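In: Turn this into a structure:
(chains A and B)
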Amino acid sequence: MSEHKAAPMVDEVSDFEVLEMAVRELAIEKGLFSAEDHRRWTEYVHTLGPLPAARLVAKAWLDPAYKELAIKDGVKASLEVGVDWINDMPTHFGTPSDYCNLRVLADTPKLKHVVVCTLCSCYPRPILGQSPEWYRTPNYRRRLVRWPRQVLGEFGLQLEPDVEIRVADSNQKTRYIVMPVRPEGTDGWSEEQLAEIVTRDCLIGVAVPKPGVKANAKRPVHPAVHPVQHDHDH
Amino acid sequence: MSKAQHDRTHHAKKATGVGDPQCFKGEAGAARFKVGDRVRIRDMPDIFYTRCQIYTRGAVGTVTELVYESPAAEDEAWDNTDKPEWFYSVVFLQKELWPEYPDLYANDTLESEFSERWLEPA
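Out: Numbering: from 1, shown residues only, chains lettered A, B, ... in the order given. Down below sits the predicted model:
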């Protein structure tokens, strides 16, 4: 008789998910926010995406005065693409972001920015939505600061040695987006056309915009060398 | 005996309609460093909580911007918000952080933020 166990209904719940639930329930119990606040907040967060940031970049490419504003005051520039870092919170309490300082890092032909948060996964959510999973992995966070060229190479971005790569480690209250250089072959394009090629990956800095490329490249996923064995796998 | 009352939402209330770190503007006093200053990241003990990366400790960089005023993360984590500090964006050469960084890419840099307590003149 073979030993048989039913397949699990859900994937394993991680320690961090358990921790989040515990902290959330404590916070509700202590009156920091209500369960209803939490529901509204979660729904709000899931409506966010990278489109406003793409529009900000496209607008800046077309309007030098707006570009200057974006570099000087990212929060103010965000208003013009419909993002209010200070006042748009769905619960009428606190702010829409954990912190409200946005810096727009302008690339030049000789300077390429790329963003990481080595300490956790700080991300400019009001203007970029939820971070991709790879952005939160220890692999990306540990390696980007130390071997940026190798990591960018894995994303398909090879840069000449004379281009300065500047890694922005988002370790405190500033959130960053990258304003890439406007690519060749986009003369006469409208703001809408330009925004379409400013993908989320371009805004994090692991890709550069190219005419015709409107989606993020797939990240290769390699099988683990020593995969974790669960007793329900056999 | 009644329980001690502590308003756990005072921070969020202060930031409502203003933003954080904007809500601490003007509370840090005079800044010790200015743009262009060479600074060294101090290697202080960090008990319980810090946001000052180990890999920057002892490294020398250049202040590129005075970004905002805020309580240091090490204080704010414990709800001590009465002594905001200036925060600085500091740029390092990668070679300064990682001695084995290839010479071919000697121009590569890294930028991050530090509260004033973590900096000393270099």
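In: Could you work out the end-to-end span of stretch A:114-124 for me?
Out: One end of stretch A:114-124 to the other measures 14 Å (C-alpha to C-alpha, to the nearest Å).
In: For that stretch, buried residues please.
Out: For stretch A:114-124, a neighbour-count test (16 or more other C-beta atoms under 10 Å in any protein chain shown) marks A:114, A:115, A:116, A:117, A:118, A:119, A:121, A:122, A:123, A:124 as buried. To be clear about C-beta, it is placed using only N, CA and C from the backbone, and glycine gets the same treatment.
In: Now narrow those residues to whatever sits close to chain B.
Out: Contacts with chain B are made by A:118, A:119 out of those, judged by C-beta under 8 Å from any C-beta of the partner chain.
In: Need the nearest residue in space to whichever residue of chain B sits closest to chain A, chain neighbours excluded.
Out: Ranked by C-beta to the nearest C-beta, the top residue of chain B for proximity to chain A is residue B:19, at 3.5 Å. Spatial nearest neighbour of residue B:19, chain neighbours left out: residue A:100 (3.5 Å); criterion: C-beta to C-beta, 6 or more residues apart in numbering or on different chains.
In: residues near the one you found, how many?
Out: 26 (other C-beta atoms under 10 Å in any protein chain shown).
In: Can you name the residues in contact with the lengthiest helix in chain B?
Out: With residue count as the measure and DSSP state H as the assignment, chain B has helix B:10-15 as its longest helix. Identification of contacts with helix B:10-15 by C-beta atoms under 8 Å, 6 or more residues apart in numbering or on different chains yields A:93, A:94, A:95, A:100, B:7, B:20, B:22, B:23, B:79, B:81.
In: one more time with 6 Å
Out: Outside of helix B:10-15, the residues that reach it under the criterion C-beta atoms under 6 Å, 6 or more residues apart in numbering or on different chains are A:94, A:95, B:23.
In: ok so, going back, in contact with the residue nearest to residue B:19: list those residues for me.
Out: With C-beta under 6 Å, 6+ apart, residue A:100 has these contacts: A:75, A:85, A:86, B:19.
In: Give me the number of neighbouring residues for the third one.
Out: Neighbours of residue A:86 under the rule other C-beta under 10 Å: 21.
In: Could you pick out the one among the buried residues of stretch A:114-124 with the lowest pLDDT?
Out: Across these, no position has a lower pLDDT than residue A:121, which has 88.
In: which stretches of the chain form strands?
Out: No chain specified, so I'll use chain A. Under the criterion DSSP state E, chain A carries strands at the ranges A:101-106, A:111-116, A:164-169, A:174-179.
In: oops, chain B please
Out: B:38-41, B:60-70, B:85-93, B:109-115, B:119-121.
In: Give me whichever of those strands is most buried.
Out: Stretch with highest mean neighbour count among the strands of chain B: strand B:109-115 (a mean of 25; mean count of other C-beta atoms under 10 Å in any protein chain shown).
In: Compute the mean per-residue pLDDT across that strand, please.
Out: pLDDT averaged over strand B:109-115 gives 98.
In: next one: that strand to chain centre, how far?
Out: Here strand B:109-115 shows a centroid-to-chain-centroid distance of 8 Å under the convention C-alpha atoms, centre = their mean, to the nearest Å.
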